[in-house]
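with the input below, show me the fold.
(one chain, ligands or ions: 1)
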Amino acid sequence: MATDVRQAVPFSPEKWRRDFPILDQQIHRQRPLVFLDNAASTQRPNQVIDSMSAAYRQTYANVHRGNHWLSEQSTFQFEAARAAVARFVGTDNPREIVFTSGTTAGINLVARAWGEVQLRPGDEILLTELEHHSNIVPWQQMAARTGATVRFVPVDQQGLIHPEVVAAQLNERTRVFAFAAVSNVLGTVNPVSDFCRLARARNVLTVVDAAQHAPHEPLNVRQWDADLVAFSGHKLLGPTGIGVLYGRFELLDSWPPFLGGGSMIDRVTWDGFTPGEIPARFEAGTPPIVEAIGLHAAIDYLDVVGLEAIQQHERQLVEHAIFRLEQEVDGFRLLGPRHDRAGIASFVIDRVHPQDLAIKLDLQGIATRAGHHCAMPLHEKLGLSASSRVSFYLYNTLGEVDYFVDAVGAAVAKLR
Ligand SMILES: Cc1ncc(COP(=O)(O)O)c(C=O)c1O
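Below is the predicted model:
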């Protein structure tokens, strides 16, 4: 049974992890399951699972269209989720919240709804070298459709992007600056407010990929002064199939719809249609209703645990992991900044292929990631085809980090 998180006291990963049934398992002949692949997707607490199960059992119906009790219940819960997300990102206007299927869908929505109308040949789309493919490919597609060009702000040797370098890349042709708040490979935490300020001074649209920020640090779109911010539910304890696009009201309100269908219209005739109000204009078709309810439960859970505490905890885990790996594993090289980083650590080890290491670790019950982590251009810049990655969350313990580092040491000894 789920514990009531509202009665929670100081931060303790051991306490929180009791809410996550999936973590309480032994695999591969009695090895404890150690889940260190949180940047790819996180696990769900009972509170989220129960909220979704209750919705399917008691209140489910389609939203915004039924004249019956179940539809009213469902609509109420769906819109309550939107209001909770609005609070979570720091806006008092729920109409600035569009439910999408994830970060990727949010960025594609912006690229299409805004870019198709606004971009002209010669315009520049500015990205950074540390982006996930989700924040590269939609822009490359738009560039191909409109004749705009894509440019990348360079990362330095430490994996940092400096505001002066951004300032030097912004020019009179730049129309949009889209960048990750936190790198899913390097763990770099970008100075989002500085980037947004520089872009605003030049009247450049800002799109923040907050996929790796929203789950781990407090988020306030007003403090950032960002135009658009996208993130995914499944990376913050919520279900798959739901994501959030925050957009400044005046902007979203001025854009045409991207997808057409039910819900996004005001009126349809034989000759055409008039689009509906936002956010419905961008939510064509039946939305992810129960997923929104699960996302609401995830946000409530994070609220109780406290994002500041989560951030601190993860930084402690990542520092400890890096410190021990540097001390104990010959040929270990960290990618990205040594300090002030998010709870993500990608690395390479001389004469050990990341894939081989991941397989050895898996045999010890440890879930990590090996590959390019959907950032092939960044890996090319680093002169690598692949790296290993561990990424932490609120339920990971120092004991798990020690178990992981010991397992790396043992695996490396066998693989060389
Ligand atoms: C920085 C970043 N952006 C975007 C994405 C894409 O998220 P999704 O697959 O949920 O759309 C990810 C997922 O790993 C990510 O780490």
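
and Gln77, what element?
helix 69-89 (DSSP states H and E).

for Leu126, same thing?
strand 124-128.

tell me which strands and helices that strand is in contact with?
helix 137-146, strand 149-153, strand 174-180 (3 or more Cβ pairs under 8 Å, 6 or more residues apart in numbering; DSSP states H and E). Any C-beta I mention is one placed from the backbone N, CA and C, and that applies to glycine too.

who does that strand pair up with?
strand 149-153 (parallel), strand 174-180 (parallel) (DSSP bridges).

which outside residues touch the first one?
Outside of strand 149-153, the residues within contact range by Cβ atoms under 8 Å, 6 or more residues apart in numbering are 122-129, 131, 136, 139-140, 143, 161, 165-166, 169, 179, 377.

switch to 10 Å and redo it
For strand 149-153, contacts defined as Cβ atoms under 10 Å, 6 or more residues apart in numbering pick out 119, 121-131, 136, 139-140, 142-144, 161-162, 165-171, 173-174, 177-179, 195, 377-378, 381.

what subset of those is also close to the ligand?
For the ligand, no contacts are drawn from these by Cβ under 6 Å from any ligand atom.

please pick the buried ones from those residues.
Burial by neighbour count, judged by 16 or more other Cβ atoms under 10 Å, picks out 119, 123-131, 136, 139, 142-143, 161, 166-167, 169-170, 174, 177-179, 195, 378 from those.

not counting sequence-adjacent ones, nearest residue to Phe35?
Counting by Cβ to Cβ, 6 or more residues apart in numbering, Ala367 is the residue found nearest to Phe35 once chain neighbours are left out, at 5.0 Å.

repeat that for Leu33.
Gln25 (4.5 Å).

how near is the one you found to Leu394?
18 Å (Cβ to Cβ, to the nearest Å).

pLDDT at the closest residue to the ligand within the stretch 301-416 of the chain, what is it?
Taking Cβ to the nearest ligand atom, the ligand has its nearest neighbour within the stretch 301-416 of the chain at Cys374, 5.9 Å off. pLDDT recorded at Cys374 is 97.

so it is in contact with Ser134, correct?
Yes - if you go by Cβ atoms under 10 Å, Cys374 and Ser134 touch, sitting 7.0 Å apart.

compare those two (neighbour count), which wins?
The neighbour comparison of Cys374 against Ser134 (other Cβ atoms under 10 Å) goes to Ser134, with 22 against 17.

part of a strand, is that one?
No - under DSSP: H, G, I helix; E, B strand; the rest coil, Ser134 falls outside any strand and is assigned helix.

is the closest residue to Ala411 other than its chain neighbours in a helix, a strand, or coil?
Of all residues not flanking Ala411 in the chain, Lys360 sits nearest, at 3.7 Å (Cβ to Cβ, 6+ apart). Of the three states, Lys360 takes helix under three-state DSSP.

what's near enough to touch Lys360?
Lys360 neighbours (Cβ under 10 Å, 6+ apart): Val352, Ile366, Ala407, Val408, Ala410, Ala411, Val412, Lys414, Leu415.

of those residues, buried ones?
Val352, Ile366, Ala407, Val408, Ala411, Val412.

near the ligand, which residues of the chain show up?
39-40, 102-104, 132, 134-135, 180, 184, 209, 211-212, 232, 374.

recalculate using a threshold of 8 Å.
39-41, 101-107, 131-135, 180, 182-184, 209, 211-212, 230, 232, 234-235, 240, 243, 373-374 (Cβ under 8 Å from any ligand atom).
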